[in-house]
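Undergrad: A predicted structure for the sequence below; I have some questions about it.
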Amino acid sequence: MIIMNKKNNKIIIPLLVFLAFILGASWSYLVINQLNKGTVTTSGSGGSYTINENSISGAVDKIYDATVTVQTYKNGSAVSTGTGFVYKKEGSTAYIMTNNHVISGGDSAKVVFSDGTSADTKILGGETYADIAVLTVSAASVKQVATLGSTKDIKLGDTTFAVGAPLGDTYSGTVTKGILSGKDRLVAVSFSGTTSDYYMKVLQTDAALNPGNSGGPLCNVNGEVIGVNSLKLTQESTTTSKYSVEGMGFAIPIEDALSYAGIIESGKSVSRPYLGVSMLDITDSYYLWQAGIKVPKNVTEGVAVLEVVSSSPAAKAGLQKNDIITKIEDEKISSVAKLRYELYKHNPGDTIKVTYNRDGKENTAEVTLEESK
């Protein structure tokens, strides 16, 4: 027990107040110091002020000079512009990855590097459904090779950024930052511009992606490439034909992209399985009526078989016109795009179970797939 008289009290109380002030100030400094990590203090004509830094400039440095603008030509005339990145060098050759839709409309391409120099390329090839293409250039013209990462451990909310040439080479080298908004998204893709043809499994980001970013790198906060930018969501509008949806861009996971790039590098074609039917979504009522196909009332989703190719895997398994395919293996089929996505999980030579409805009754067939020609 401490006994204080009035004289001691006059001395001790100010001392306690002083100690409390010191402790409080120290605690406040520690808290503010933690909160201000990643800030920088600068000064100008208006005096000193603090701004929040949180810079990813070091990560950008690891990919910036590996990113190129891809210019595609047909008969000497420019037809499209996109982005690509150098993903490896072997001997005197450097390999550049981009989207297939960037180069598919042309017969030649060149790339422009971050310093403005350019180089002619050799188009090794591309694959429509994977939307991956590979170009080669002389390794002597390349200043940097991208560091490739992984999507295995990335989490929603992780920082992502894109480097590319939105709206053409005028804005080449544009960097946009966001977060990982979604993993393993299935997004419907249209090659014809009307109905969906295929589903792609992609990463979703809210980093700004615009026409011209296609084929460019999507990176993590370490500057490692985790995806190849490929898609931006558009939506039908009642006032205009289409409008862009902001903050919803999509990238092909780097593991999938590398798998397809390896096949293209080898000079082989990507092997796709062949079923041997022409199909329509059962929601396309007008075209079903034109084809004379009636969907049973107990069938709410699936695709209608319009025609079965003679001697095809489907014909050999007993599928017929008017059948409604509802499942491949145990996966429900809601559209032609979904059927193609599920079908392309398998390889030529695989035997798969196809569930279909014929005249209101569910049936199954074992179909041995062949290679698409």
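TA: Nice, I can see it.
Undergrad: got the residue ranges for the strands in the stretch 101-250 of the chain?
TA: Ranges of strands in the stretch 101-250 of the chain, per DSSP state E, counting those that start in this stretch, are 108-112, 118-120, 122-127, 132-138, 159-164, 174-189, 198-205, 217-220, 225-236, 242-253.
Undergrad: Can you give me the neighbour number for the nearest residue to Lys62 once chain neighbours are set aside?
TA: Spatial nearest neighbour of Lys62, excluding adjacent residues (CB to CB, 6 or more residues apart in numbering): Gly223 at 3.2 Å. Quick note: C-beta positions are derived from backbone N, CA and C, even for glycine. Neighbour count for Gly223, taken as other CB atoms under 10 Å: 22.
Undergrad: Do you know the pLDDT at Gly223?
TA: pLDDT, Gly223: 97.
Undergrad: How about Leu258?
TA: 97.
Undergrad: same question, the one 4 residues further on
TA: Each residue has a pLDDT score; the one for Gly262 is 96.
Undergrad: Quick check: the gap between it and Gln290.
TA: Gly262 is 43 Å from Gln290, where distance means CB to CB, to the nearest Å.
Undergrad: got the strands of the stretch 101-250 of the chain as CSV, with mean neighbour count and distance to Val367 columns?
TA: Shown next, in CSV, are the strands of the stretch 101-250 of the chain (neighbours: other CB atoms under 10 Å; distance: least, CB to CB, whole Å):
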stretch, mean neighbour count, distance to Val367
strand 108-112, 20, 39
strand 118-120, 15, 46
strand 122-127, 18, 24
strand 132-138, 23, 28
strand 159-164, 25, 40
strand 174-189, 17, 23
strand 198-205, 22, 20
strand 217-220, 30, 37
strand 225-236, 21, 30
strand 242-253, 18, 28
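Undergrad: Of those strands, which is nearest Ile282?
TA: Nearest to Ile282, of all the strands of the stretch 101-250 of the chain, is strand 174-189, at 16.1 Å by CB to CB.
Undergrad: rewinding a little: could the strands of the stretch 101-250 of the chain go into TSV alongside distance to Ile96?
TA: Below are these laid out as TSV (distance: least, CB to CB, whole Å):
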stretch	distance to Ile96
strand 108-112	6
strand 118-120	10
strand 122-127	10
strand 132-138	4
strand 159-164	13
strand 174-189	18
strand 198-205	21
strand 217-220	11
strand 225-236	11
strand 242-253	15
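Undergrad: out of those strands, nearest to Glu371?
TA: Closest to Glu371 of the strands of the stretch 101-250 of the chain is strand 122-127 (CB to CB; 14.5 Å).
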